[in-house]
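> return a 3D structure for these sequence lines:
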Amino acid sequence: MEVLLGVKIGCLLALLVLTLGCGLAPIYFRWFQMDAATGRHYRVLSLLGCISAGVFLGAGLMHMTAEALEGIESEIQKFVVQNSTGSTGNSSRDAASDYVEYPYGELVISLGFFFVFLLESLALQYCQGDAGGSTVREEEWGGTHALGFHKHPPVPSPSQGPLRALVLLISLSFHSVFEGLAVGLQTTVAATVKLCVAVLAHKGLVVFSVGLRLLKVGAGSRWATFCILSLALMSPVGLALGLTVAGAASGPGQGLAQAVLEGVAAGTFLYVTFLEILPRELACPEAPLVKCGCVAAGFAFMALIALWA
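Below you'll find the predicted structure:
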């Protein structure tokens, strides 16, 4: 037991150090800052942004959504079987199988998607009068043109940029807590190490992409550092919670509540990925095939990790 505890503490430190290192690298190394880049340097950073968009796409579809769907289906089956009284075991399982034919997981993920949609609609409704033309113009020149988008692609409202960045961080934070919780709940050294390595394999690249994204939406270094630090603490917090409850019995519906929360987080992440990250990276018509290839490369990397994990 002491060896297992030591391994889990080592995993906690590894998650913290890797997240901080990868997340702060693009923020404090001037080479990654778009406003100081020209020529080939600028094009490389632009393609790197497309790779990060593919990473977000792969993380949303191959990890967050897949894990949420699997967790919700599994927990609903357990919940129905446990609450099927007066039935034999086989009939209870048949009833549970019939019950989960409805796509509950997809419904929960869609609710997360529409929740962010509603928040943005409310922000646009009540902030539209306060956002004057000069603010929109500053958003356009400070965000869109600074990122190398030519002509006049659609420019997000000033209320959308910070809100989407916040939603991205919150959804990733939820997912990170659940990842750490899963590591903390493992009962053997081998299972703990395997799961931790699987988390570390994609965590670094995702958090590095978050750092790039914070730069592109114009976040200041202090605010970006605070965001990365908060995100870095989520997996260790989840792991510590897993250590705390490892020996305790789960209460009724606890697993289902966790799966539903992860599903909502997956839906919010997909919203930001498809409506903010990918449109921004692909808005510039320059070298569309190369950019498409970079997005595909980032997605392929996350897909390979999902296959291995």
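
> show me where pLDDT drops low in the stretch 101-250 of the chain?
With pLDDT under 70 as the threshold, the stretch 101-250 of the chain has low-confidence stretches at 126-164, 245-250.

> what residues does residue 171 make contact with?
By Cβ atoms under 8 Å, 6 or more residues apart in numbering, the residues touching residue 171 are 64, 112, 265-266, 268-269, 272. Heads up, the C-betas are built off the backbone N, CA and C, glycines and all.

> could you redo the last one with a cut-off of 6 Å?
Residues near residue 171 by Cβ atoms under 6 Å, 6 or more residues apart in numbering: 265, 268-269.

> can you check residue 243 too?
Counted by Cβ under 6 Å, 6+ apart, residue 243 has contacts residue 184.

> pull out the buried residues from the strand or helix carrying it.
For residue 243, the element it lies in under DSSP states H and E is helix 221-245. By 16 or more other Cβ atoms under 10 Å, the buried positions in helix 221-245 come out as 224-225, 227-228, 231-243.

> got the buried residues for the helix or strand that that helix is followed by?
Using DSSP H and E, the helix or strand that follows helix 221-245 in sequence is helix 254-272. Neighbour counts using 16+ other Cβ under 10 Å place 255-256, 258-272 of helix 254-272 among the buried residues.

> what helices and strands are in contact with the helix or strand that comes right after helix 254-272?
Tracing the chain C-terminally past helix 254-272 and defining elements by DSSP H and E, one meets helix 278-282 next. If you count contacts as 3 or more Cβ pairs under 6 Å, 6 or more residues apart in numbering; DSSP states H and E, helix 278-282 packs onto helix 39-58.

> using CSV, list the CA coordinates for the helix it packs on.
The C-alpha trace of helix 39-58 is given here as CSV (Å, rounded to 0.1, in the frame of the first residue of the first chain):
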residue,chain,number,x,y,z
GLY,A,39,8.0,35.7,-42.8
ARG,A,40,8.8,32.0,-42.3
HIS,A,41,8.5,32.4,-38.6
TYR,A,42,5.0,33.7,-38.9
ARG,A,43,4.0,30.9,-41.3
VAL,A,44,5.4,28.2,-38.9
LEU,A,45,3.4,29.6,-36.0
SER,A,46,0.3,29.7,-38.1
LEU,A,47,0.7,26.1,-39.0
LEU,A,48,1.4,25.3,-35.4
GLY,A,49,-1.9,26.8,-34.5
CYS,A,50,-3.6,24.6,-37.1
ILE,A,51,-1.9,21.5,-35.5
SER,A,52,-3.2,22.7,-32.1
ALA,A,53,-6.7,23.0,-33.6
GLY,A,54,-6.4,19.4,-34.7
VAL,A,55,-5.3,18.5,-31.2
PHE,A,56,-8.4,20.1,-29.7
LEU,A,57,-10.6,18.4,-32.2
GLY,A,58,-9.0,15.0,-31.4
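
> give the buried residues for the helix or strand just after it.
As assigned by DSSP H and E, the chain's next helix or strand after helix 39-58 is helix 66-82. Under the neighbour-count criterion of 16+ other Cβ under 10 Å, helix 66-82 has 67-69, 71-72, 75-77, 79-81 buried.

> which one among these gets closest to residue 190?
residue 67 (20.8 Å; Cβ to Cβ).

> excluding its backbone neighbours, what's nearest that closest one?
Computed as Cβ to Cβ, 6 or more residues apart in numbering, the closest residue to residue 67 that is not its neighbour in sequence is residue 262, at 6.6 Å.

> wait, the one you found sits on residue 178?
Yes: between residue 262 and residue 178 there is a contact under Cβ atoms under 6 Å: 5.3 Å.

> next, find the distance separating the nearest residue to residue 58 once chain neighbours are set aside from residue 273.
Leaving out its chain neighbours, the residue that sits closest to residue 58 by Cβ to Cβ, 6+ apart is residue 302, at 2.6 Å. From residue 302 over to residue 273 the distance is 12 Å, taken as Cβ to Cβ, to the nearest Å.

> which positions within stretch 10-22 qualify as buried?
Under 16+ other Cβ under 10 Å, the buried positions of stretch 10-22 are 11-12, 14-16, 18-20, 22.

> ignore the last one, stretch 191-199
192-193, 195-196, 198-199.

> okay if I get those residues as CSV plus distance to residue 121 and secondary structure?
Listed next are the buried residues of stretch 191-199 as CSV, based on distance: Cβ to Cβ, whole Å; DSSP: H, G, I helix; E, B strand; the rest coil:
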residue, distance to residue 121, secondary structure
192, 43, helix
193, 45, helix
195, 39, helix
196, 40, helix
198, 37, helix
199, 34, helix
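
> great, nothing more from me.
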